[in-house]
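Colleague: Just need the structure, nothing else, for what follows:
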Amino acid sequence: MAFAGLALVLSASYVIDRISPRAGVRFRNIVLAFWWGFAMRLGQRLRNRLRGEMPDKVKTQILPRPAIPPEDIHIASVDDPLVSVIIPTYGQVSLTLGCLASIQDHMPNASIEVIVVDDAFPGEETSALSRVSGIRLLRNEVNLGFLRTCNAAAGHARGQFILFLNNDCEVLPGWLDRLVEVFAARPDAGIVGSKLLGADGLLQEAGGILWRDGSGWNYGSGRDPAAAEFNYLREVDYCSGASILLRRGVFLGLGGFDERYAPAYCEDSDLAFRLREQGLKTYYQPRSEILHFEGASHGRDLTQGIKAYQVINQAKFLDTWREVLGRDHYLNASHVLRAKDRAHDRQVVLIIDHYLPEPDRDAGSRTMLAFVRALLASGLVVKFWPLNLRASPGYTKVLQNMGVEVFYGADQMPLPAWLKENGRDLDVVLLSRPDVALQCLDIVRSVTRARVAYYGHDLHFRRMATMEDGQRAAQAMRERELSIWRQSDVVLYPSEEEAGVVRAMAPDVNVRAVVPYALDAATEAGLELGARDMWILFVGGFAHSPNAQAAVWFVREVLPIVLQQAPQARMAIVGSNPAACVIALGGANVSLFPNVSDDELQAWYRKARVAVIPLLAGAGVKMKTVEALWHGLPAVMTPVGAQGLPDIEDVAAVETDAAAFGAAVVALLTDDVLWQQRRDVQIAYARERFSEAALRRSLLDVLDVRDTQATPISAGA
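Modeller: Residues are numbered from 1 along each chain as shown. So this is what the prediction gives:
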């Protein structure tokens, strides 16, 4: 009810715009200020969250697997594995059998061998392990302790990678393959560690933080493992050695774990620091989940047994790495937002948009995803806050796998509270679209000193003015956009043309043009005329009404002209959410292909003969135009379709009336020489202006952030 009331009040506020746009903006800001204050006091559960406490949870005790006959366990090992899984043991055979049974139940796609090492446990208990099929069972002649046992076992490993796995663990689906994928996507990976879950079903660790005094946090301990903040790939100070993957050659090249930490504890942190000296990072991979029955092997008492070395070795670790800790790490429990991402010397950018980027559905999403990629590739830490707080299936994981923290879910702390708690650790806040900026500018300004950037996508008031009966709405939007510009540190638009309009309207505003799209290098395959069919291609997301208007105009006014001279021509309308008026266009010469995948869209660019961008309304640089140019598909467009692209008329046909538009399409359908000339000049035009490097340079310059030259990010991680 409260949310419905807010929606009604905000809707009513737009009526005020018709009387006084400035009053409308002020009224909305007042309403939102009261709403944020109210939202921050909703319920005891939320108050607990603001104090950093977990809401009450029903804890479900998870027990290790019951006794399993060793003869029932069969591990499919190979002689030339990708990964050697090393499981050190000292007694506790039932736990080891449970660990092996879980591997049997969740065999990875990666080829493995499993090496179980008995560290000279007295008695006959461990003889049961010899009856497990498929493992390599090694027995130390004398007790070496955990650390030396791991080092010795690594010398027997045959895999390219080594996974150290505690025997008091049980693996879950994806446990190994997700770790291996990180090495494929991140050439700078040194260690990749798993998400550790406790016997109560809560987190034990989502990566580790080390503080300046050498003490550590198992980040997320006791929290909900499904919470958004624990479910994105990120660089960390260390990962606990209960489940870590690293290259065998790298491990052996370092001499293994440092024996000063024998028999156990802090060797994993030390290894991470030594790898970092060589330029290799430690990553936490939340898609790899491990049940860890902590304490089952060595107990929890820090005053006796092997566990006592946890305190002793922490002092050794501090003594060894004191200079690095003092230089690169924070004081205990401070700047947690930055500490958990190893952002001591990296800048943090918060992007706020109305929803997560859906790049196969709209051009604006492609721009935001390109911005994210550019920032990550420059070494910045990126956070993404969709105002609808919705975890869009598929799209959320794309960002999380790239290393972006995405905020979502009913339990998510409200934005004002989150900003109040974390705002001091933000360097840049990037607001996307007018409605988002209007909701967020006041609270962002009040609780953070971050540089505030506004990206408008296009001049909304200008686009509205081109729509039928849009003048009144355009005037109200004009006032809203003026207000946003004046409250922002820098204003971004996708073309110098639009930036010039802003300068003319508000000379005191810092406005900059930014490259809006970064397309992957097109393959040479498919660029030739070859056996292309006589398809005329129109691409558009039809939730955007100007695309529907354009499709209707072309089919009704232009296509008949084309068919008179090229009767074999066919039109393909490709795009998401086609409106009823677009669906009605289907017929003998017009086919609809809604909601295609990226691969299917690329196939259309390879087989079509001509691209058309027949827009009659709109503003800003059009993704569909840039994409056609980039793929070498000769295009015909209206002046609206050509907006923001200087000198585009030198490489593509720009026509206004239906007859001229149709003649230009026919020429490209029938003249092979002209087609090839246009293909070449369009490719050169697009690649000069819309490469990943051009966007990256442009964005970093306008945001005034530094490039720390991180490794390029693959979405497949």
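Colleague: helices and strands around the helix or strand residue 547 falls within, which ones?
Modeller: Under the criterion of DSSP states H and E, residue 547 resides in helix 545-553. With contacts defined as 3 or more C-beta pairs under 8 Å, 6 or more residues apart in numbering; DSSP states H and E, the packing partners of helix 545-553 are helix 580-583. (Each C-beta comes from the backbone N, C-alpha and C, glycine too.)
Colleague: Run me through the strand neighbours of the helix or strand just after the helix it packs on, direction for each.
Modeller: Sequence-wise, the next helix or strand downstream of helix 580-583 (DSSP H and E) is strand 590-594. Sheet pairing of strand 590-594 (DSSP bridges) gives strand 570-575 (parallel).
Colleague: just how off-centre is the partner strand within its chain?
Modeller: With C-alpha atoms, centre = their mean, to the nearest Å as the basis, strand 570-575 stands 31 Å off its chain's centre.
Colleague: quick check: angle from the helix holding residue 547 to strand 590-594?
Modeller: Computed by axes from the mean of the first three to the mean of the last three C-alpha atoms, to 10 degrees, the angle separating helix 545-553 from strand 590-594 equals 160 degrees.
Colleague: buried set for helix 545-553?
Modeller: By neighbour count, and taking 16 or more other C-beta atoms under 10 Å as the criterion, the buried residues in helix 545-553 are 546-553.
Colleague: Give me the phi and psi angles of the nearest residue to residue 246 once chain neighbours are set aside.
Modeller: Residue nearest to residue 246 in three dimensions, not counting chain neighbours: residue 191, with 4.9 Å by C-beta to C-beta, 6 or more residues apart in numbering. Per-residue torsions, residue 191: phi -130, psi 140 (degrees, to the nearest 10).
Colleague: what about residue 102, helix or strand, and which?
Modeller: For residue 102, the host element (DSSP H and E) is helix 93-105.
Colleague: Which strands or helices does that helix pack on?
Modeller: For helix 93-105, the packing partners by 3+ C-beta pairs under 8 Å, 6+ apart come out as strand 83-89, strand 112-118, strand 169-171.
Colleague: could you dump those to CSV with mean neighbour count, distance to residue 348 and mean pLDDT?
Modeller: Below are the helices and strands packed on helix 93-105 laid out as CSV (neighbours: other C-beta atoms under 10 Å; distance: least, C-beta to C-beta, whole Å; pLDDT from 0 to 100):
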stretch, mean neighbour count, distance to residue 348, mean pLDDT
strand 83-89, 25, 34, 98
strand 112-118, 23, 38, 97
strand 169-171, 26, 33, 97
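Colleague: As JSON lines, the ones you listed with distance to residue 226 would be great.
Modeller: Output for the helices and strands packed on helix 93-105, formatted as JSON lines (distance: least, C-beta to C-beta, whole Å):
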{"stretch": "strand 83-89", "distance to residue 226": "27"}
{"stretch": "strand 112-118", "distance to residue 226": "28"}
{"stretch": "strand 169-171", "distance to residue 226": "18"}
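Colleague: now could you export just the CA positions of the strand or helix carrying residue 373 as CSV?
Modeller: Here residue 373 sits within helix 363-377, counting by DSSP H and E. C-alpha atoms of helix 363-377 as CSV (Å, rounded to 0.1, in the frame of the first residue of the first chain):
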residue,chain,number,x,y,z
ALA,A,363,20.3,0.3,-27.3
GLY,A,364,20.5,2.2,-23.9
SER,A,365,21.4,-1.1,-22.2
ARG,A,366,24.2,-1.7,-24.7
THR,A,367,25.6,1.7,-23.8
MET,A,368,25.5,1.0,-20.1
LEU,A,369,27.1,-2.4,-20.5
ALA,A,370,29.8,-0.9,-22.7
PHE,A,371,30.4,1.7,-20.0
VAL,A,372,30.7,-1.1,-17.4
ARG,A,373,33.2,-3.0,-19.5
ALA,A,374,35.3,0.1,-20.1
LEU,A,375,35.5,0.9,-16.4
LEU,A,376,36.4,-2.6,-15.4
ALA,A,377,39.0,-2.9,-18.1
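Colleague: Could you list the residues in contact with that helix?
Modeller: Around helix 363-377, the neighbours that count as contacts under C-beta atoms under 8 Å, 6 or more residues apart in numbering are 349, 351, 353, 356-359, 382, 384, 398-399, 402-404, 430, 432-433, 455, 457, 494, 516-518, 541, 622-624, 692, 695-696, 699-700, 705, 710-713.
Colleague: okay, residue 364: pLDDT?
Modeller: Here the pLDDT value assigned to residue 364 is 88.
Colleague: Then residue 598?
Modeller: pLDDT, residue 598: 81.
Colleague: now residue 603
Modeller: 89.
Colleague: so where's the stretch 301-450 of the chain uncertain?
Modeller: Applying pLDDT under 70 to the stretch 301-450 of the chain flags the ranges 301-306.
Colleague: How about the chain?
Modeller: Residue ranges of the chain with pLDDT under 70: 1-60, 295-306, 521-527, 531, 709-717.
Colleague: quick one: the residue of it most remote from its centre from residue 75, how far?
Modeller: In terms of distance from the mean C-alpha position of the chain, residue 123 ranks first, at 51.6 Å (C-alpha atoms, centre = their mean). As judged by C-beta to C-beta, to the nearest Å, residue 123 and residue 75 stand 24 Å apart.
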